[in-house]
Structure formats: structure tokens, C-alpha cells
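Novice: show me the folded form of this:
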Amino acid sequence: MKTILLALILFVSTQAHAQFDYSQTDFAYLFNNYRASQAEPLPWPGTFWPFDGRGGGSGINYSLKNSRSPAQKYDALFNTGGLAAKWEEENHTCTNVSKENKKDCEGWYGHCNGWTGAALFNAEPDFNSPVTLQSKTGESITFDFTDIKAYLSEMWLDASVSFDGTGTTVKPGKWIFDPNDPVSQQPAANNSDLTNYEAYWDVTPRGLFYALTNYVGVQKAGIAIDRFTGDEIWNQPLIAYRLLPITGPAQAPIERGGRQLYPLTVGIKIYWMNDDVDYNYKRGDSIGWNVMDPKFSTDTVPQGFTEIASQDHTQDGAVVSRYMSATFFFDAPVTMNPDGTKVLSAGRMIGDGVWTHADPEQRRIWYSRGYEATQVQPDFLWRPDALSREADYRNPYIDPAKVYKMIMKQPIPGSDSW
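Specialist: Next comes the predicted model:
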């Protein structure tokens, strides 16, 4: 899930950031060639290493079955005198959080952005291949997949990233439909120059469509989403998407800005790896997950648009999904084949598009669970470009170079900067 600094939306812990690159913008080409796609290889599920101390310890100081925590094992191997574990306890827990942030900390603060970046850039650690190393004192220390996932989730808290959107820092309410509401007009506290209203809606349909098709589609690259459309930050590695067939009669053209535009409503499903799993979680039926396999992903519109149980999901809880729909506007009519799976002709996409749930007449359907409980479009999108050398937010006593070389026995992904 979320880190305290991530509540600022842009990663205070990152050294550089850039906008997503949407080099391919032809709607017909993207829909016809990349209607459904997934990242290769698939990112992996994992806990977000919460700060709240649940289950004994907290963060990467979590101790499984009363053994030493990952941080304590690191200290023992590299003879740090307990510095890594001590720093983690002082900085990545809820102990020293201010009173006004304590409840939030205990509910959702953790290492979610670190785990998300790690899962996008690194293969899942092997469940059956623990590594045993000798410390300088001659002690044999064994590191299993839970330890390695912990280090990865800690190290990738600092990364240079590309992004789209800025996120929302205010609990959603009726204000999200009224740009003139006093809450809507307040500056968003997220390092942007947007209002709260603009921040809530700034991952536009066009932005999401281009991110999915250009990255997950064309490049087979996973991206990260804040899947919570509101003040909390729940980063997840997005693994796949599906654009649903476009069927039914053509929508009537509209006049906008002195020109005639042609609306087209498109259903979108997104899939991500879940962080609501145990520290030592191992996948079941999600092994071999594929967006083209009908047992995992279908063109069916969920009966309850915002009901979690009605979405595509795996039985083992590793993969969850969400359905959305949006209307795009074109400068010429869009024609489809009979089953709605191929665009025969289309004009240029004009403007950002409109989310279906932004329509006042659709509120009752889409927000049936309430403004805060209902989650719709992602709050922001991002993708790590490289692991940062500087430790602004990760544990400064855990050296990525040592972890990758000695414990994982592989180079750092995108290691040119190292």
C-alpha cells in the first residue's frame, strides 16, 4: 500500500520523473491490435509490509514464526550492529507518527510503492530456492523468498519514475461532481497546481487508454496504479487489461466547441496483482494466469459495476480486477464489425473523454457503495524507470548492491546507473 510520503502523490522519494510516452495514438490500430494484453513477465503478488506492527514487528521487521526478521538477518550477515532493524523500527512504523496521522498509518501505511516497483522490475523470488550465506562471524544465515521480497520492497521505495495523473488527497464526497464546491476549489495538497476537483478526475479516459495500450499492449510492460480513487494510496502492479467489444447502435453526434463530434462508449477491464496476502503467500490457481484464458478474463460486463465479488478474479486471491466504461469523442464516425471486436473506420480522438460514472444520471449505479467505498478510475499511474542510488526514503542501511550481488546473485535491473 502506501507510504507516508506517498500521501503527497508524487514520490517525494524519487530523484527524477517524466511523463508517460504515448507514441502511438491511432485508436483503430490500438483497439484492433491490442484489445487485450498483459505484461511479460507478469508482476507478482506480495504483502505491502505494513507499518502497523500486525503479527509481530512491522514493515520488513516482521518476524515469521518467531524467527529473525529480514532486517535482522541483513544486520547479522553484514555485521551492521543492528542498524537496519533499528532504523526500520524508528522510521517505517506507526510508533512516531503524529496523533492526527496515527489512524491512517495503522490502516494503510506501508511499503506498497516499493513492492509495486519491485514486482514490475524483478522476477518473483523462487519459493523453493533459499540462499544460505556465512556471516563474518561464521554464522550460517538462510534467506528465503519472504526475506528477498522484503528487501526488494524496501529498496524500490526510491526510484525514478514516469507518471500520469497526480491523485487525490481529500476523501471523496458529493464535491467530486461539482467543480464550484468549496472543497473542489481548494488547491490539491499533492505537489501539483491542480484543484481537488481536477486532481480527482485527472486520470482521464484517454490517458488510461493510451497508458494501457502503449505500455501493456505494445511494450508488454506492466505499469503501476493507485487503485484507490480517493485520499488513501494503494499502489498495485497492473498486469493486464481488456477492452470490451463495442456493440449496439451508433451514438448520436453532438456539438461541442463549434464542431460535430461522434461519441463512442468503451468498456475497460484492468487486472492487478494483490497485496492483501500473507508474508509467505504462495499462489494457487493464478499460476499460469493469462488474459486470453476465459477462466481468468472475459468480455462479460459485471452485473454489479462496483461490486468486488462480481469482477473477474482468481480463487487464490492473487489477481483482482475492475470494470470501468468511458465515452470517447471522434471527429468522424467509428464503425465496427458485427461482433464489436474490430474497428472498421474511425476519426481522430478529440479531447480527454468522459468517465461514465461522471454522468449525474449514472451516479446511483456506479456509486452504490458510497463515494468513499466505491473505487472507479485509478487515482494516478506510474512506472519505475530505474532504481535510485540515493536513499531518500528506503532504509539507508540496506545496500541494494550487496543484496543483488550476494543474496540474489544477479545484476540490478536497469543497472547502468549503478
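Novice: how close does the closest residue to residue 201 other than its chain neighbours get to residue 246?
Specialist: Distances taken as C-beta to C-beta, 6 or more residues apart in numbering put residue 358 closest to residue 201, at 7.0 Å, once the chain neighbours are dropped. All C-beta spots, glycine's among them, are computed from the backbone N, C-alpha and C. Separation of residue 358 from residue 246 (C-beta to C-beta, to the nearest Å): 20 Å.
Novice: please enumerate the strands of the chain.
Specialist: 17-19, 36-38, 131-134, 140-143, 159-164, 223-226, 235-243, 254-256, 259-273, 319-330, 335-336, 343-345, 354-355, 381-387 (DSSP state E).
Novice: tell me how far the longest one lies from the chain's centre.
Specialist: Taking C-alpha atoms, centre = their mean, to the nearest Å, one finds strand 259-273 lying 20 Å from the centre of the chain it belongs to.
Novice: now it against strand 319-330, angle please.
Specialist: Orientation check (axes from the mean of the first three to the mean of the last three C-alpha atoms, to 10 degrees): strand 259-273 against strand 319-330 gives 170 degrees.
Novice: could you give the angle of strand 259-273 to strand 235-243?
Specialist: Using the same axes, to 10 degrees: strand 259-273 against strand 235-243 is 130 degrees.
Novice: check which residues of stretch 230-249 are buried.
Specialist: For stretch 230-249, burial by neighbour count (16 or more other C-beta atoms under 10 Å) applies to 230-246.
Novice: scratch that, stretch 332-349 is what I was asking about
Specialist: 334, 336, 341, 343, 346, 347, 349.
Novice: export that stretch to CSV, keeping only CA atoms.
Specialist: Extracted in CSV, the C-alpha atoms of stretch 332-349 (Å, rounded to 0.1, in the frame of the first residue of the first chain):
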residue,chain,number,x,y,z
ALA,A,332,-15.6,11.2,-37.7
PRO,A,333,-17.9,8.2,-37.1
VAL,A,334,-16.5,5.0,-35.7
THR,A,335,-17.8,1.8,-37.4
MET,A,336,-17.3,-1.7,-36.1
ASN,A,337,-17.6,-5.2,-37.4
PRO,A,338,-20.8,-7.1,-36.3
ASP,A,339,-19.4,-8.6,-33.0
GLY,A,340,-17.7,-5.3,-32.0
THR,A,341,-14.2,-6.7,-31.8
LYS,A,342,-12.7,-4.8,-34.8
VAL,A,343,-12.8,-1.1,-35.8
LEU,A,344,-13.5,-0.7,-39.5
SER,A,345,-13.1,3.0,-39.6
ALA,A,346,-12.6,5.8,-37.1
GLY,A,347,-11.8,9.5,-37.0
ARG,A,348,-9.2,11.1,-34.7
MET,A,349,-9.9,11.1,-30.9
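Novice: show residues contacting that stretch.
Specialist: For stretch 332-349, contacts defined as C-beta atoms under 8 Å, 6 or more residues apart in numbering pick out 25, 27-28, 31-32, 35, 206, 244-247, 250, 253, 262, 264, 328-331.
Novice: for the chain, where's the lowest mean pLDDT among helices and strands?
Specialist: Lowest by mean pLDDT, DSSP states H and E among the helices and strands of the chain is strand 17-19, with a mean of 70.
Novice: count the residues that sit near residue 29.
Specialist: 14 (other C-beta atoms under 10 Å).
Novice: with residue 186 as the reference, measure out to it.
Specialist: From residue 29 to residue 186 the distance is 41 Å (C-beta to C-beta).
Novice: and the helices in this protein, which stretches?
Specialist: Secondary structure of the chain by DSSP state H: the helices cover 27-33, 70-78, 83-91, 102-108, 112-121, 145-155, 182-185, 196-201, 205-211, 363-366, 400-402.
Novice: between the ones you listed, which gets nearest to residue 50?
Specialist: helix 102-108 (7.8 Å; C-beta to C-beta).
Novice: in the closest one, what counts as buried?
Specialist: Buried-residue list, helix 102-108, by 16+ other C-beta under 10 Å: 104, 105, 108.
Novice: spit out the contact partners of the nearest residue to the second one once chain neighbours are set aside.
Specialist: If the residues on either side of it in the chain are set aside, residue 105 comes closest to residue 94, at 4.0 Å by C-beta to C-beta, 6+ apart. With contact set as C-beta under 8 Å, 6+ apart, residue 94 has these partners: 51, 52, 53, 58, 102, 105, 106, 109.
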